[in-house]
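Novice: model the structure of this input:
(one chain, ligands or ions: 1)
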Amino acid sequence: MAFEGLSDRLQNTIKKITGKGKVSEQDVKEMTREVRLALLEADVNFKVVKDLISRIKERATGQEVMESLTPGQQVIKVVKDELSELMGGEQSKIAVADKSPTVIMMVGLQGAGKTTTTGKLANLLRKKNNRSPLLVACDVYRPAAIKQLETLGEQLNMPVFSMGTEAKPIDIATKAIEQAKEEHNDYVIIDTAGRLHVDNHLMDELQDIKANVKPDEIFLVVDAMTGQDAVNVAESFNEQLDITGVVLTKLDGDTRGGAALSIKAVTDKPIKFAGIGEKLDQLEAFHPERMASRILG
Ligand code: GDP
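Specialist: This next block holds a predicted model:
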């Protein structure tokens, strides 16, 4: 499971307080100190931790705990609520355009899992929502990326729109949407180019595509295992593109959890999906509340 490190530490901390019939200010102080250290060790953004701890402290020494019959458990509930809230609280849904097709732009750095996630998302939309997506290959710089998407399309038995490496990404996207209308594909998922680093050329191109196709969603795909780097990448993409959500990949390999716990607070954009393995059915909707419960055990 993801986040074992953080989870173990926090569970140890809350064990000490759970059964308490009375919770003193000193207890709260010790507990928040340990939660703080556990979160910093999990590579959660420093400012995010600071704000979170002050909210937990305030609530844990407030009325709802003091007047509770089970103060120990109430304190744990406060921590759980705050962790859930930190990750966005309610689960956020995927957009549906008033007029079909709904257009989703997938963006992110190379290697984050963008192309794989494009396939996984299409698979999920078909399976859970009975949709018929069209996949679009807009990474004209890497023939291998186009091939990869075509292979995914074959595996999923789903159409892939591509115009090779000579066409412009905007033209590819525009034509793909026309085709989707004709063929009654209700979702168009555009796999855009990625680079090793955030750079102006990449952002200019993505902004052009955005301005032309007016996507209903712009999902940033980031690798959870890169921790605070993923958070920084999310900040840059959000500043330039005003993304609508994040897909956090490789959560299966992330023992720390820093990205998952920081991204929403830093960018104010929700994590919508999480990748939990390489297979095409290993993408799930991200539920902050369930995730918080899992972390606290
Ligand atoms: P792109 O360059 O961003 O398009 O990245 P790819 O889609 O090619 O993915 C890069 C690698 O990450 C591939 O080996 C994928 O199988 C792997 N990958 C993607 N998502 C996940 C995930 O959720 N978990 C794991 N373990 N691997 C993933």
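Novice: and the closest residue to the ligand within the stretch 151-297 of the chain, what pLDDT?
Specialist: As assessed by CB to the nearest ligand atom, the ligand sits closest to G275 within the stretch 151-297 of the chain, at 2.4 Å. The C-beta positions use only the backbone N, C-alpha and C, and glycine is treated the same way. Per-residue confidence (pLDDT) for G275: 97.
Novice: and if you look at the one 10 residues further on?
Specialist: In this model, A285 is scored at 95, pLDDT.
Novice: and if you look at M1?
Specialist: 56.
Novice: what about the closest residue in space to Q282 that isn't next to it in sequence, how many residues close to it?
Specialist: Nearest-residue entry for Q282: I276, 4.9 Å, with adjacent residues in sequence omitted and distances by CB to CB, 6 or more residues apart in numbering. Neighbourhood size, I276 [other CB atoms under 10 Å]: 21.
Novice: ok, I276 to G108 distance?
Specialist: 17 Å (CB to CB, to the nearest Å).
Novice: what ranges in the protein fall below the confidence cut-off?
Specialist: 1 (pLDDT under 70).
Novice: write out the residues of it neighbouring the ligand.
Specialist: Contact residues (CB under 6 Å from any ligand atom) of the chain with the ligand: 108, 110-116, 194, 249-250, 252-253, 275-278, 282.
Novice: 5 Å - rerun?
Specialist: Applying CB under 5 Å from any ligand atom, we find that the chain lies next to the ligand at 110-116, 249-250, 252, 275, 277-278.
Novice: quick check on these: which are buried?
Specialist: Taking 16 or more other CB atoms under 10 Å as the criterion, what is buried in the residues of the chain next to the ligand is Q110, A112, G113, K114, T115, T116, T249, K250, G275.
Novice: redo those residues as CSV? Include secondary structure.
Specialist: Shown next, in CSV, are those (DSSP: H, G, I helix; E, B strand; the rest coil):
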residue, secondary structure
Q110, coil
A112, coil
G113, coil
K114, helix
T115, helix
T116, helix
T249, strand
K250, coil
G275, strand
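Novice: next, format those as JSON lines and append distance to I94.
Specialist: What follows is those, written out as JSON lines (distance: CB to CB, whole Å):
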{"residue": "Q110", "distance to I94": "24"}
{"residue": "A112", "distance to I94": "19"}
{"residue": "G113", "distance to I94": "18"}
{"residue": "K114", "distance to I94": "17"}
{"residue": "T115", "distance to I94": "19"}
{"residue": "T116", "distance to I94": "18"}
{"residue": "T249", "distance to I94": "17"}
{"residue": "K250", "distance to I94": "21"}
{"residue": "G275", "distance to I94": "15"}
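Novice: which stretches of the stretch 151-297 of the chain form strands?
Specialist: Under the criterion DSSP state E, counting those that start in this stretch, the stretch 151-297 of the chain carries strands at the ranges 160-161, 187-191, 217-223, 245-249, 271-275, 283-285.
Novice: isn't I209 up against A173?
Specialist: Yes - counting by CB atoms under 8 Å, I209 does reach A173; the two are 5.6 Å apart.
Novice: quickly list what's touching both of the two.
Specialist: The contact sets of I209 and A173 overlap at C138, I190 (CB atoms under 8 Å, 6 or more residues apart in numbering).
Novice: contacts only, for the nearest residue to E90 once chain neighbours are set aside.
Specialist: Closest residue to E90 apart from its sequence neighbours, by CB to CB, 6+ apart: P288 at 7.3 Å. For P288, the contacting residues are S84, E85, L86, M87, G88, G89, E90, Q91, K264, I271, by CB under 8 Å, 6+ apart.
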